[in-house]
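*Asks:* Quick check, what structure comes out for this input:
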Amino acid sequence: MEGWREHPVFIELGADQKPVYTGAKEFQQKIVETADFFEKSGIRKNHFIPMFLENSVDFICCFLGLVKIGAKPIPIKLEYRKIELDEIFKNAQPQAIITETSHLEIIEPYLSQRIVIERKNGRLKLHQKTTKKTIPHELSDEIASINYTYRGYGYPLGVMVPHGQYIHGAKVFQAGLQAKPKERMLIILPMSHIFTLIGCIFVPILHNITSVIANTMHPRKIFRLIREYKINHLIAIPEIHLLLEKFKDLAGKLPSLKVLGCGGSLLTREDYYRIKNAFNTDLLHGYGLTEFTPVSRNKRGEAKAGTVGPLSENIECKIIPEDGNEAGEILIKTSHMFRGYYKNPKVTKEAFEGDWFKTGDIGKIRDGNLIFVREKKRTRNVNGNMVDLEELDRIAHMINKKDQSDLKTSLKNEIATYKIPFIDLK
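*Replies:* Numbering: from 1, shown residues only. I've put the predicted structure just below:
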């Protein structure tokens with residue numbers, strides 16, 4: 001990690017908001033120590049390891065420590081429900097689990113006969129050994145991680161993400177962001193998401209940008225952090241940027257803020273100008289999938305409202321028009337693409353048309369820029385989270401059998417899982 005000198009790689013803000021600074025040498029040493037700890041705990045090459053961790057330097061060290069020994073991290077959202085976890089554990093058959101101590105009770109049904117490592121107060125320790133012989137999975141060395149997503153089949157799919165996607169994705173993301181060494185980025189999105197992994201972790205690490213890690217969605221706190229830590233870049237989903245715009249009167253002056261990065265869901269032309277004018281910064285909207293990200297992104301000084309920008313480098317794209325319209329399904333092709341859905345050759349085959357990946361999204365290209373229109377596959381993006389309509393239909397069917405009167409309430413509760421947590425602005 002050349003070029004860091006004395007400026008920190010990370011500034012992590014704990015619950016007490018006291019900053020913990022991590023330099024390049026310390027970060028590298030922590031990755032080595034974490035990898036050694038995993039091996040001593042029994043984790044081996046091609047073991048699958050779900051990670052139930054909050055945003056932290058430890059999350060990043062665990063992810064990279066597993067990659068270092070050839071194990072396959074599976075970043076998991078802490079909000080995943082039983083119906084999703086059942087499918088993931090059935091598909092992945094993981095040998096070990098890394099979790100926050102506070103999350104142990106929630107995932108207790110999945111702990112039996114697995115190595116369990118817990119994180120409490122910023123420290124990792126072996127919670128549970130196993131006498132079961134842990135047989136590694138057979139998987140190519142080019143696969144870095146397994147990341148779960150939806151395509152409208154009613155259950156999560158394990159995307160086999162190659163190392164090349166992380167490196168290439170960070171390179172083209174940075175080409176749009178154009179961040180400079182020693183600048184600072186505020187991380188508030190869950191690190192379990194591919195958008196955050198590439199845009200908020202690998203971009204800063206590879207380009208000497210300090211990451212300020214904060215577990216908050218509160219506008220007043222975010223504005224304070226931008227001022228206090230002289231934040232230059234904030235990456236978030238459109239819904240969060242719109243939340244900040246709504247409470248812009250709390251912001252005060254933010255002279256350090258240069259770029260608002262945006263992705264994960266639709267950003268209309270009207271909302272683009274609302275956000276951009278509120279904070280007088282570059283607003284860069286892009287488009288990507290767990291299978292490959294970013295597919296496209298706007299660049300500083302060249303952003304076009306209502307678009308997700310020109311295609312990323314080394315990616316081909318074609319639109320299959322529907323009913324003579326300009327818009328149609330977006331198909332992409334690149335050597336950095338995912339390598340299929342784990343243990344699901346049928347869905348993998350259906351997702352491709354020759355070498356072209358069918359994104360399941362409708363879009364069009366105009367003046368060299370990609371415009372996202374809507375989803376074709378049976379999913380919907382709710383506040384940056386993928387909701388599978390087939391899964392909701394299945395839940396509704398089960399509920400309908402039991403009690404018709406509770407159907408609407410139960411579905412409302414299911415969908416509420418995907419909403420931004422309530423924010424007290426008092």
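*Asks:* pretty sure L139 is in contact with G70, am I right?
*Replies:* No. In this structure, L139 is not within contact of G70 by Cβ atoms under 8 Å, at 9.4 Å. Heads up, the C-betas are built off the backbone N, CA and C, glycines and all.
*Asks:* any residues in contact with both of the two?
*Replies:* Residues touching both L139 and G70 (Cβ atoms under 8 Å, 6 or more residues apart in numbering) are N46.
*Asks:* which SSE is K253 in?
*Replies:* Per DSSP states H and E: K253 is located in neither a helix nor a strand.
*Asks:* Would you agree M217 is in contact with E239?
*Replies:* No. Contact criterion Cβ under 8 Å: M217 and E239 do not qualify, at 9.8 Å.
*Asks:* Please verify my assumption that G328 contacts I319.
*Replies:* Yes. Counting by Cβ under 8 Å, G328 sits close enough to I319 to count as a contact (4.6 Å).
*Asks:* Now the common contact residues for those two.
*Replies:* Common contact partners of G328 and I319 (Cβ under 8 Å, 6+ apart): G363, K364.
*Asks:* one step back: between M217 and E239, which one's more packed in?
*Replies:* E239 (21 against 18; other Cβ atoms under 10 Å).
*Asks:* Three-state assignment for that one, please.
*Replies:* helix (DSSP: H, G, I helix; E, B strand; the rest coil).
*Asks:* For it, report the pLDDT, please.
*Replies:* pLDDT, E239: 94.
*Asks:* hang on, L370 in a helix?
*Replies:* No. Read with three-state DSSP, L370 is strand and lies in no helix.
*Asks:* for it, what are its contacts?
*Replies:* Y287, V295, S296, T307, V308, G309, P310, L311, C317, I330, G363, K364.
*Asks:* got the residues you listed as TSV, with pLDDT, neighbour count and secondary structure columns?
*Replies:* Output for the contacts of L370, formatted as TSV (pLDDT from 0 to 100; neighbours: other Cβ atoms under 10 Å; DSSP: H, G, I helix; E, B strand; the rest coil):
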residue	pLDDT	neighbour count	secondary structure
Y287	96	26	strand
V295	97	27	coil
S296	97	28	strand
T307	97	25	coil
V308	97	25	coil
G309	97	23	coil
P310	97	18	coil
L311	96	21	strand
C317	96	18	strand
I330	97	27	strand
G363	95	24	strand
K364	95	17	strand
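*Asks:* could you dump these to a markdown table with distance to G164?
*Replies:* Converted to a markdown table, those look like this (distance: Cβ to Cβ, whole Å):
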| residue | distance to G164 |
| --- | --- |
| Y287 | 19 |
| V295 | 15 |
| S296 | 18 |
| T307 | 26 |
| V308 | 22 |
| G309 | 21 |
| P310 | 21 |
| L311 | 17 |
| C317 | 18 |
| I330 | 21 |
| G363 | 24 |
| K364 | 28 |
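*Asks:* Go ahead and list the helix or strand containing M337.
*Replies:* Using DSSP H and E, M337 maps to neither a helix nor a strand.
*Asks:* ok, it - how many residues close by?
*Replies:* 20.
*Asks:* isn't it right next to K358, touching?
*Replies:* No. The criterion here is Cβ under 8 Å, and M337 misses it with K358 at 11.9 Å.
*Asks:* From the structure, what's the count of residues near the residue nearest to H207 when sequence neighbours are not counted?
*Replies:* Leaving aside its sequence neighbours, H207 sits nearest to Q174 (Cβ to Cβ, 6 or more residues apart in numbering; 5.4 Å). Neighbours of Q174 under the rule other Cβ under 10 Å: 18.
*Asks:* which ones are touching I330?
*Replies:* Neighbour list for I330: V295, C317, I319, T359, D361, I362, G363, L370 [criterion: Cβ under 8 Å, 6+ apart].
*Asks:* okay if I get those residues as CSV plus distance to K125?
*Replies:* Converted to CSV, those look like this (distance: Cβ to Cβ, whole Å):
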residue, distance to K125
V295, 40
C317, 47
I319, 52
T359, 42
D361, 43
I362, 48
G363, 47
L370, 47
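*Asks:* ok, of the residues you listed, which one's closest to A303?
*Replies:* Of all the contacts of I330, A303 sits closest to L370, with 12.8 Å by Cβ to Cβ.
*Asks:* pLDDT weak spots in this structure?
*Replies:* 1-2, 380-386, 391, 394-426 (pLDDT under 70).
*Asks:* Walk me through the domains of it.
*Replies:* Per automatic domain parsing, the domain ranges recorded for the chain read 21-139, 163-331+349-375.
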